[in-house]
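[1] Just a sequence and a predicted model for now, questions to come.
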Amino acid sequence: AYKNKVQRALPKIQVLTSDGSRKQRKTAKQLNRWLDGWFSSKRAKVEIARAHTDAIQFDAGFVRVEARGSEIHCERVRPWDIGVVYKDARNLRPTQLVQRSNLTGAEIAERFKLPKSHELNNADKSLDLIEAWHLGDKGRYVATCKTFVLKDEDYTAADFPIVAMRLEERPQSFWGVGVCEPIYGIHVDIQRQLAVINETQRLTVKPRVWMPQGTKVTQGLTSQVASVHHFTGAKPIFETAPGLPAETYNWLERTWRQGWETLRLSTVTSESRKPTGVESAVGLREWNDIDQGQHILTSRALEESFVDVAKLVIAAAKKLYENQVDIEISAVDTATLKKIKWSEVDMKEDTHLRAYPVSSLPETPSARKDYAISLMKEGVMSRTTCLAIIDFPDVDGLVASEISAIEEVQDQIDAILDDGKLTLCDEFSDLESAVEIGTKELRRARNDSDVTPADLNKLKRYIREAKSMLAAQQAPATPPAPVAPQVPAPGF
């Protein structure tokens, strides 16, 4: 239950530019999609989720991201395979890190490109690969296996290729606090009491038949209905001994509830049901916000770890691009799947990464729809925006058709400001969106050094033409000219 609560909505990464121009903002938008596509890949999604599960169950979870071969390699690292020096790592910023990996000799030889005649290629059992990093001015990376030094080179990166995920930080320690440690004592008490209850149920709470000595019964009990049994002497007594007192079970329930409260979970949350008495959509949303607020620090820690992973992904992509490898990622662009190369999103300027929740809207379809409709009725958003934020697969086609006119306007404005190509609106264009979006883009483009005065003039003409066409459509129709009455000729 705790894992589902924390991992219910993984964060996304947003790329921010420092005083970015229009071109930089456009590239940052593409980089957002590129990163989103990488995080959505099956390998990355699975490995990061496994590492975060380690952080929940153990003291910390680790995920390794680096350029390996012609791809960006991502893998979960087991917590017991990581080693640090206590004094060096107690401020959570160690300068030395060691990882142990259990691999076959062939895997090690392939990874480090060893010749076929090397001894490790012929190893028939798993071996321990030891890798160590040292940060700083004299940074170093060393990889060894048995008595072989496979790699010994300078390490110039600012961070390790391994990101640590912690559910909760521990003062003066590199390792965090998982969910098992706070409830360990409660878990032991519950297990002991359950053992007593089970033993009592097994030995005591059973139907028994008591007969005085000397009583003779012709046959034993059977499952036959209305069977006849003969006996001599006193009548047998049927009795079932009572179990443990009710206080025992009340104590067990209280202790069980205490364990959930220690993890900041209610029994309602653990059973995936709504609280009694809360029926309205507004009440359910408020209760969900209160319940989610108990895990705000855990969510922030997860978001920070995602930012660190994204930084390693960008560094790995840059390294591969320097080696003439242009990584291509499949990303979702509106309702279509688009392949984006790293060369199209490589930002050489200073960038800032920020993680944010995948959505601040309710997660169930009904609650999400009700919340979006309420915002639309209050005038906070338009109908098109309401459809877009609902974001359900079964309405993707409707959303795409609804926003197609807006996308057409945005493409025309982008063509003017980026390439200087002017395409005016026609009677089938969304003229209101053309005026609104064009005016906003004009205000921003005035302070953009990448936009030339000629392009600004073209955008002004685009807006004026859209305004004139819109005014012509909204003008009232001219009434027909009055017809003069016919006067009969004289003499009639």
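    It's in. Source: prediction; values computed, not measured.
[2] Kindly state the beta-bridge partners for residue 210.
    Beta-bridge partners for residue 210, by DSSP bridges, are residue 237.
[3] Does it touch residue 237 like I think?
    Yes: the pair residue 210 / residue 237 is scored as a contact, 4.2 Å apart, by C-beta atoms under 8 Å. Yep, even glycine has a C-beta here, placed from its N, CA and C like the rest.
[4] Pretty sure residue 110 sits in a helix.
    Yes: under DSSP: H, G, I helix; E, B strand; the rest coil, residue 110 falls within a helix.
[5] For it, grab the count of nearby residues.
    If you count neighbours by other C-beta atoms under 10 Å, residue 110 ends up with 14.
[6] going on from the helix or strand of the chain with the lowest mean pLDDT, what's the next piece of helix or strand?
    Lowest on mean pLDDT, DSSP states H and E among the helices and strands of the chain sits helix 281-293, with a mean of 53. Downstream of helix 281-293, the first helix or strand assigned by DSSP states H and E is helix 296-322.
[7] Pull out the buried positions in that following helix.
    The neighbour-count check on helix 296-322 (16 or more other C-beta atoms under 10 Å) flags 298-299, 301-303, 305-317, 320-321 as buried.
[8] What's the mean pLDDT across that helix?
    Averaged over helix 296-322, pLDDT sits at 84.
[9] heads up, I number from 57, so please use that
    Sounds good: first residue 57 from here, last item helix 352-378.
[10] From the chain's centre, how far out is that helix? Work that out for me.
    Here helix 352-378 is found 13 Å from its chain centre; the criterion is C-alpha atoms, centre = their mean, to the nearest Å.
[11] got it, and stretch 494-513?
    Relative to its chain's centre, stretch 494-513 lies at 36 Å (C-alpha atoms, centre = their mean).
[12] what's the answer for stretch 212-232, then?
    Relative to its chain's centre, stretch 212-232 lies at 20 Å (C-alpha atoms, centre = their mean).
[13] same question, stretch 127-137
    In terms of C-alpha atoms, centre = their mean, the centre of stretch 127-137 is set 18 Å apart from its chain centre.
[14] and if you look at stretch 272-286?
    The chain centroid and the centroid of stretch 272-286 are separated by 66 Å under C-alpha atoms, centre = their mean.
[15] again, but for stretch 145-163
    Centroid separation for stretch 145-163 versus its chain: 26 Å, with C-alpha atoms, centre = their mean.
[16] Near residue 296, how many other residues are there?
    Residues contacting residue 296 under the criterion other C-beta under 10 Å number 10.
[17] Any figure for the gap between residue 295 and residue 268?
    14 Å (C-beta to C-beta, to the nearest Å).
[18] ok, now residue 307?
    Noted for residue 307: a distance of 39 Å to residue 268, by C-beta to C-beta.
[19] Those two: which has the busier surroundings?
    Neighbour count, other C-beta under 10 Å: between residue 307 and residue 268, residue 307 has more, with 14 against 10.
[20] What residues does that one make contact with?
    Neighbour list for residue 307: residue 249 [criterion: C-beta atoms under 8 Å, 6 or more residues apart in numbering].
[21] Go ahead and list the helix or strand containing it.
    Under the criterion of DSSP H and E, residue 307 resides in helix 302-318.
[22] so residue 517 is in which element?
    If you go by DSSP H and E, residue 517 is part of helix 509-530.
[23] which residues are contacting that helix?
    Residues from elsewhere that reach helix 509-530 (C-beta under 8 Å, 6+ apart): 468-469, 472-473, 476, 478, 480-481, 483, 485, 487-488, 490-491, 494-495, 497-498, 501-502.
[24] buried set for that helix?
    So helix 509-530, judged by 16+ other C-beta under 10 Å, has buried residues 511, 512, 514, 515, 518, 519, 521, 522, 525, 526.
[25] Tell me which residues touch residue 168, please.
    For residue 168, the contact set (C-beta under 8 Å, 6+ apart) comprises 199, 206, 207.
[26] coming back round to it: tell me which entries of the contacts of helix 509-530 lie within helices.
    Mapping the contacts of helix 509-530 onto helices (DSSP state H) picks out 468, 469, 487, 488, 490, 491, 494, 495, 497, 498, 501.
[27] Show the buried residues in those residues.
    If we count by 16+ other C-beta under 10 Å, the ones in helices among the contacts of helix 509-530 have these buried: 468, 469, 487, 490, 491, 494, 497, 498, 501.
[28] Dump these into CSV; add distance to residue 130 and pLDDT as well.
    Shown next, in CSV, are those (distance: C-beta to C-beta, whole Å; pLDDT from 0 to 100):
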residue, distance to residue 130, pLDDT
468, 39, 87
469, 38, 87
487, 47, 85
490, 43, 86
491, 46, 88
494, 42, 87
497, 38, 86
498, 43, 87
501, 39, 84
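[29] what's the farthest-apart pair in those?
    Pairwise distances across those (C-beta to C-beta) peak at 20.2 Å, for the pair 487 and 501.
[30] Any stretches of the stretch 307-456 of the chain with poor pLDDT?
    Along the stretch 307-456 of the chain, segments meeting pLDDT under 70 span 321-353, 355, 389-392, 404-427, 436-456.
[31] quick one: the helices in the stretch 57-206 of the chain?
    Using DSSP state H, counting those that start in this stretch, the helices of the stretch 57-206 of the chain run over 58-62, 78-96, 98-113, 142-145, 161-167.
[32] Give me the residues contacting the third one.
    By C-beta under 8 Å, 6+ apart, the list of residues contacting helix 98-113 from outside reads 58-59, 62-63, 66, 94-95, 116-119, 130-135, 219, 221-223, 232, 234-236, 358, 361-362, 365.
[33] Also the fourth one?
    Residues from elsewhere that reach helix 142-145, judged by C-beta under 8 Å, 6+ apart: 150, 151, 152, 229, 230.
[34] Weed out the non-buried ones from those.
    Among the contacts of helix 142-145, those classed as buried by 16+ other C-beta under 10 Å are 150, 152, 229, 230.
[35] for the third one, what are its contacts?
    Going back to what we said before, that points to residue 229. Contacts of residue 229 (C-beta under 8 Å, 6+ apart): 142, 145, 146.
[36] so what pLDDT did the second one get?
    At residue 145 the predicted local confidence, pLDDT, stands at 87.
[37] ok, now the first one?
    The model reports residue 142 with a pLDDT of 87.
[38] For residue 512, see how far away the nearest residue to residue 479 once chain neighbours are set aside is.
    Using C-beta to C-beta, 6 or more residues apart in numbering and skipping the chain neighbours, the partner closest in space to residue 479 is residue 468 (5.1 Å). Using C-beta to C-beta, residue 468 is found at 15 Å from residue 512.
[39] the strands in the stretch 107-256 of the chain, which residues?
    117-124, 127-133, 138-139, 152-160, 182-190, 196-201, 204-210, 218-221 (DSSP state E, counting those that start in this stretch).
[40] between the ones you listed, which one is nearest to residue 85?
    Residue 85 sits nearest to strand 127-133 of all these, at 20.7 Å, using C-beta to C-beta.
[41] which parts of that closest one are buried?
    In terms of neighbour count (16+ other C-beta under 10 Å), strand 127-133 has its buried residues at 128, 130, 131, 132, 133.
[42] low-confidence ranges in the stretch 57-206 of the chain?
    Applying pLDDT under 70 to the stretch 57-206 of the chain flags residues 57-66, 73-76.
[43] Ramachandran angles for the closest residue to residue 260 other than its chain neighbours?
    Closest residue to residue 260 apart from its sequence neighbours, by C-beta to C-beta, 6+ apart: residue 297 at 4.9 Å. Main-chain torsions, residue 297, degrees, to the nearest 10: phi -70, psi 140.
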